[in-house]
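Student: With the sequence up front, the predicted model follows.
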Amino acid sequence: MKSSSVLNRIIIGTLLGLAIAITTFGPPFLLLIFIAVWLTVATVELLKILRLKAIQLNPYITVGSNLFLFLAVLLKIPKGFYLLPIFLIILAGLLAKMNRSSIITYGIFTYFYLGFLPAHFLMLKQLSITVNFSTWLVLFPLFLTWINDTGGLLGGKLFGKTKLAPDISPNKTIEGFASGVFLAAIFAYLYLKHFMANQPFIQLFLLGLIMGSLAQVGDLVESVFKREAGLKDSSNLLFAHGGFLDRIDSLLFTIPVFYYYLKHIINS
């Protein structure tokens, strides 16, 4: 890797880390703005990928539906209203001239994928305020995902021999997958034991295994779309880091899992 590419990766990574830290430790509306901007760009990237597959979703309805969900979460609008954009998506599909079933299917998927799942980061932030637990717990899914990715990359380079899903992501190996997940499980216990001393080792370890596994599943889900569209990255807006969607594909799965785990702990 060229030195300029490494420098770009370090700079962009540092800026992203600072932005996430500032928004996470700041008030909820600041985090909402950050996620809304990020997800708007990520949604546009996904729409571009879908267009290469001849699936033309309405960009205004798609982006608007995702932004509506963030506002609904922030304003604590009853969850029944979360279904309203789905009816609009279905209507847009019915009015389309072709590929109606595909437009409806991908439209609902996109709302869930880039609307409902990311909203859990804001929900996690609100939960931290409601029950007054450490904001460092809000950042835990991000740290675990990074550890998982790093472990998977190193494990794959050192031990990788057996391809995990060659038709989807040629560089991923079973050995890399196992390395990343195991490291994520160890990290989960070491990190969370300081905040949840009453939780048994096996529970925190299993949580790390589940989140680490789903992080890699999340990466594969996006890879399916990129592979079918003949793309390596969702865009080059973040230079060596790829696109905005590339940076959150794993988090879309790890953050909701941790949110519902904390809800379970609080309610039990």
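Tutor: Perfect, thanks for sending it.

Student: give me phi/psi at the closest residue in space to Met211 that isn't next to it in sequence?
Tutor: Excluding the flanking residues, the one nearest Met211 by CB to CB, 6 or more residues apart in numbering is Thr254, at 4.7 Å. Using the backbone N, CA and C atoms, a C-beta is placed for each residue, glycine as well. With angles defined as degrees, to the nearest 10, Thr254 sits at phi -80, psi -40.

Student: Now do the buried residues in the helix or strand Tyr259 falls within.
Tutor: Take DSSP states H and E as the rule and Tyr259 turns out to sit in helix 251-267. For helix 251-267, a neighbour-count test (16 or more other CB atoms under 10 Å) marks Leu251, Leu252, Phe253, Thr254, Ile255, Pro256, Val257, Phe258, Tyr259, Tyr261, Leu262 as buried.

Student: quick one, helices of the stretch 1-150 of the chain?
Tutor: Under the criterion DSSP state H, counting those that start in this stretch, the stretch 1-150 of the chain contains helices at 3-25, 28-52, 59-74, 84-95, 100-111, 119-130, 140-159.

Student: residue contacts, Ser223?
Tutor: For Ser223, the contact set (CB atoms under 8 Å, 6 or more residues apart in numbering) comprises Ala165, Ile168, Ser169.

Student: go again using 10 Å as the cut-off
Tutor: Ala165, Asp167, Ile168, Ser169, Pro170, Asn171, Lys172, Leu231, Lys232, Asp246, Asp249 (CB atoms under 10 Å, 6 or more residues apart in numbering).

Student: Next, count neighbours for the closest residue to Ala229 other than its chain neighbours.
Tutor: Distance criterion CB to CB, 6+ apart; nearest residue to Ala229, sequence neighbours excluded, is Leu52 at 4.0 Å. Leu52 has 13 neighbours, counted by other CB atoms under 10 Å.

Student: now do Tyr60
Tutor: Using other CB under 10 Å, Tyr60 has 9 neighbouring residues.

Student: For His120, see how far away it is.
Tutor: For Tyr60, the distance to His120 equals 24 Å [CB to CB, to the nearest Å].

Student: In terms of helix, strand or coil, where does Asn171 fall?
Tutor: strand (DSSP: H, G, I helix; E, B strand; the rest coil).

Student: An error on my part: the question was meant for Ser235.
Tutor: Assigned with three-state DSSP, Ser235 falls in the coil class.

Student: Compute the number of surrounding residues for it.
Tutor: Per other CB under 10 Å, the neighbour tally for Ser235 reads 17.

Student: Backbone dihedrals for the residue nearest to it when sequence neighbours are not counted, please?
Tutor: Leaving aside its chain neighbours, Ser235 sits nearest to Gly243 (3.4 Å; criterion: CB to CB, 6+ apart). Per-residue torsions, Gly243: phi -110, psi 180 (degrees, to the nearest 10).

Student: Val138 too?
Tutor: phi -60, psi -30.

Student: and what of Leu164?
Tutor: phi -80, psi -50.

Student: Can you tell me how far the residue lying closest to it once chain neighbours are set aside is from Ile108?
Tutor: Nearest residue to Leu164, sequence neighbours excluded (CB to CB, 6+ apart): Lys172, at 4.3 Å. Distance of Lys172 to Ile108, given as CB to CB: 28 Å.

Student: Enumerate every residue touching Tyr113.
Tutor: Ala42, Thr43, Leu46, Asn66, Tyr106, Gly218, Val221, Glu222, Phe225, Leu245, Asp249, Leu252.
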